[in-house]
Every structure is written in C-alpha cells, then in structure tokens.
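Undergrad: what follows is a predicted structure for the sequence shown.
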Amino acid sequence: MKKSKRLFLLIALCLASTTASLQAQQGANGRGSDPAQRAEMQTTRMKEELGLSDKQAEKVKAINTKYANKMKELRETNRDGDRTAMREAMTSLRQEQSEELKSVLTAEQFEKWQQLQSEGPGGRNGNGPPNGNN
C-alpha cells in the first residue's frame with residue numbers, strides 16, 4: 001500500500017512539473033502571454049535586428065501593441081469559428097501592421113524586417129513559432 005501511494009505521489013509530482021514547464025515555455029515564446037508582452041518582445045527583437053532609433057522603437061512599439069491587441073480580440077471572438085476566415089483575418093491584420101511599420105522604418109529596415117519574417121526559425125515560413133510575433 002505504501003509503495004502505491006509513493007508511486008502515485010511520484011507520478012503526480014512529475015505531471016505537475018511537466019505542466020509548469022510547458023506553461024513557462026508558452027510565456028517565453030510569446031504564446032500565452034498578454035498582448036503587451038508580445039508587443040514588447042517583438043519591438044525588442046526589431047530594435048536589435050534592425051537597429052531602430054529610440055524614436056522609431058517608440059512608434060514601432062505602439063504599432064505592435066495595437067495589432068497584438070487586435071489579434072487577441074480576433075482569437076477570442078473566433079475561438080470555435082471558421083479557421084479559414086480567421087486565418088484570412090489574421091493575414092489582413094498583418095498586412096495592415098506591415099503598412100504602418102513601413103511608414104516608420106527606413107526602406108532598408110523594412111526590407112530586412114520582411115526578410116526576417118519569411119526566413120529561418122522564428123519567421124512565419126520557418127520552423128517554429130515567431131519570436132514575439134503574434
């Protein structure tokens with residue numbers, strides 16, 4: 001009887017540890033975090049990768065926050081809805097965000113940002129979740 005209780009406690013402890021680890025990972029990669037955190041991570045990445053000035057970073061953060069909030073709202077209102085429609089709406093929001101970013105970034109920065117979005121790990125077409133993006 002004591003062995004079965006110990007085994008049960010060991011299994012419960014392992015499950016709790018695994019759950020906590022998964023939740024921490026979700027917060028670290030931008031999923032599961034609130035829109036302000038996602039926007040902050042995306043802005044930090046952009047500032048580092050694109051060499052944004054402080055003034056640019058301030059404007060970019062406002063844009064990223066605006067669209068992170070819009071995307072969260074879209075996800076919440078369309079939880080069990082049509083996935084194709086939601087994907088199209090997300091794509092439309094990303095295009096709007098891109099147009100706003102284009103007005104803040106230099107041509108070189110914008111081109112580099114588009115390249116980063118479409119390449120390698122962390123890009124939309126890469127292997128893995130976006131780094132702080134949505």
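TA: Thanks, I have it. Residues are numbered from 1 along each chain as shown.

Undergrad: next, the buried residues of stretch 105-117.
TA: Buried residues in stretch 105-117, counted by 16 or more other C-beta atoms under 10 Å: 105, 109-110, 112-113, 116-117. (Glycine included, C-beta is placed from N, CA and C.)

Undergrad: format the residues you listed as CSV; extra columns: distance to residue 77.
TA: Shown next, in CSV, are the buried residues of stretch 105-117 (distance: C-beta to C-beta, whole Å):
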residue, distance to residue 77
105, 30
109, 33
110, 30
112, 33
113, 28
116, 29
117, 25
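
Undergrad: can you flag which of these belong to helices?
TA: 109-110, 112-113, 116-117 (DSSP state H).

Undergrad: what's the closest of the buried residues of stretch 105-117 to residue 87?
TA: residue 117 (16.3 Å; C-beta to C-beta).

Undergrad: for that closest one, give its distance to residue 97.
TA: 11 Å (C-beta to C-beta, to the nearest Å).

Undergrad: mind checking the SS state of residue 80?
TA: coil (DSSP: H, G, I helix; E, B strand; the rest coil).

Undergrad: likewise for residue 52?
TA: Assigned with three-state DSSP, residue 52 falls in the coil class.

Undergrad: repeat for residue 33
TA: coil.

Undergrad: who does the helix or strand hosting residue 66 touch, helix- and strand-wise?
TA: Element membership for residue 66, per DSSP states H and E: helix 54-77. Contacts defined by 3 or more C-beta pairs under 8 Å, 6 or more residues apart in numbering; DSSP states H and E place helix 54-77 against helix 35-50, helix 83-102.
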